[in-house]
Structure formats: structure tokens, C-alpha cells
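Engineer: I'll drop the sequence and a predicted model, then ask my questions.
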Amino acid sequence: TTKRNNNNNNNSNNSSNSNNLGLYLAGCLEKIKTTKCSNTQDEGVVFVGMDTPNLPMMEIVDALVGAKTTNKTATAYISPALDGGYGMLCVPVTTPTSIFTCGIPWSSPLTCVAQIKALVSSSMHVRIGSMVRDIDEPCDVRALMEEDIIGKNDKDEKNGILHQYTPMHHNVKEHYSYFKDRRPTLHFTTKALFALGLLRKDPDTGKLQVVEERFERVTTTTTR
């Protein structure tokens, strides 16, 4: 979700989009609650920001293990983002949908704090994950490039590590070593940035470049 607020009209649109986001997330959780698949009744539910490529796969696995309602204490897990939002939220399937519709200020520096408050107010235990960076501005792309998180043709991500991992493993703790230090969206994030024209390769040097003017057009259009 972009954070651009250039005028009052944009502020109004952002407010509308924020309300819609809360309702959308609540609707997703409700849909999972009402599924007839018996193997989902005691599982965790993960919401992952699609623009958060530096979220380690290990944290997703760890969050799912902690959120199982068969545990003595089912726990929510949230990974804060540098801009005040969050890159991942994992909750037990029994979590009330009201955690998304109780006045969370979406696309705000206080989004993560407000979400944690909503979880705690619902009498839930909450674990805080590592700080992640989502992609809202050209500087975010550059920072991820410097960390070698995007722009790198990683074999695991290109081939899809989830396709190599059998989902029938119920004791995920035994497979922590498989996920250690892996990230789920490296190749696909780079591919998406190229497809949107936000990233290009210099024909002379072969180095990746952020296309700032294109970035401005794409993100401005997204908010309208």
C-alpha cells in the first residue's frame, strides 16, 4: 500500500482504501473460519505483504507453529515494517475478525502499534518478529538491492522452494533447517519490478537501476 498523500483528495482516497483493507482482511479470515476442510480448524492464518521481500521464510514457519490452537497457548506473530506498518501477521484461526475493523489506521506510522493493541485487547499473546522493509519508494528498492535481497537470481526462489517442500509435514519444527535463511519472494519481486518498469539493467554496465520517474507514475496511479 502506498503512503503518498499529495492533497486532500488523496487523503480521502487513502481513508477509503484503508477501510476497505480492514474489511478485506476480516473477510479473508472469516472465509477461512468457515471452510469445511478439517485440517484448517486448528491452524494459524498468515497475512503476508506482497511487497515485503526481506521477510525470512523461517519467520513464516515459526509463526504458523506458534499459532496452532492445539498449543497450550496459541500466539499471534507480527513482523513490523520500517514505515510503521507490518510485513506479516499470523494469527490463530479462532481469532475474532474484529482485530482488523476496530479502528486500525492503515497506511500509517501507527498501523503496527494499533494492530498489536487490537490483538492484546482480544486477550491474545503476541510475539514480535524482525523488522522488515516493504517497497513504497525508490529508496526502498535501492536499500534492498544493497542488502542483495532483490536483483539476485536465487535458485531456491526461482524454482519455488515451496514446491520442493512437502506440505504434508505436520511437525514443522523438525524441518527448521530447511527454511533457515530462505526468503520467499526474491526472484518474483525482482521480476515484478522489471515488468512494471521500475527496475532496469544498464545496457553498458549491466548494473540494475531504479527508474524513479516510472516509479512516481505507477505509485501515483495506484492511489487513485
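Structural biologist: Ah, there it is.

Engineer: low-confidence stretches in this protein?
Structural biologist: Residue ranges of the chain with pLDDT under 70: 1-19, 36-41, 71, 149-187, 218-224.

Engineer: ranges for the helices of it?
Structural biologist: With DSSP state H as the criterion, the chain has helices at 8-33, 57-67, 111-121, 138-146, 155-159, 161-164, 176-179, 186-195, 212-223.

Engineer: now stretch 89-103: buried residues?
Structural biologist: Leu89, Cys90, Val91, Pro92, Val93, Thr95, Pro96, Thr97, Ile99, Phe100, Cys102 (16 or more other CB atoms under 10 Å). Any C-beta I mention is one placed from the backbone N, CA and C, and that applies to glycine too.

Engineer: same question, stretch 125-134
Structural biologist: Neighbour counts over stretch 125-134 (16+ other CB under 10 Å) mark Val126, Gly129, Val132, Arg133, Asp134 as buried.

Engineer: thought the fourth one was touching Leu55?
Structural biologist: Think Arg133. No - Arg133 is beyond contact range of Leu55, at 9.4 Å (criterion: CB atoms under 8 Å).

Engineer: now do the shared contacts for these two.
Structural biologist: Counting by CB atoms under 8 Å, 6 or more residues apart in numbering, the common neighbours of Arg133 and Leu55 are Gly87.

Engineer: between the buried residues of stretch 89-103, which sits nearest Arg214?
Structural biologist: Nearest to Arg214, judged by CB to CB, of the buried residues of stretch 89-103 is Leu89 at 30.5 Å.

Engineer: how about the nearest residue to that closest one, chain neighbours excluded?
Structural biologist: Using CB to CB, 6 or more residues apart in numbering and skipping residues adjacent in sequence, the residue nearest Leu89 is Phe47, 4.7 Å away.

Engineer: wait, what's in contact with that neighbour?
Structural biologist: Going by CB under 8 Å, 6+ apart, Phe47 touches Leu25, Cys28, Met88, Leu89, Cys90.

Engineer: and those residues, which is closest to Val65?
Structural biologist: Nearest to Val65 among the contacts of Phe47, counting by CB to CB, is Cys90 at 9.5 Å.
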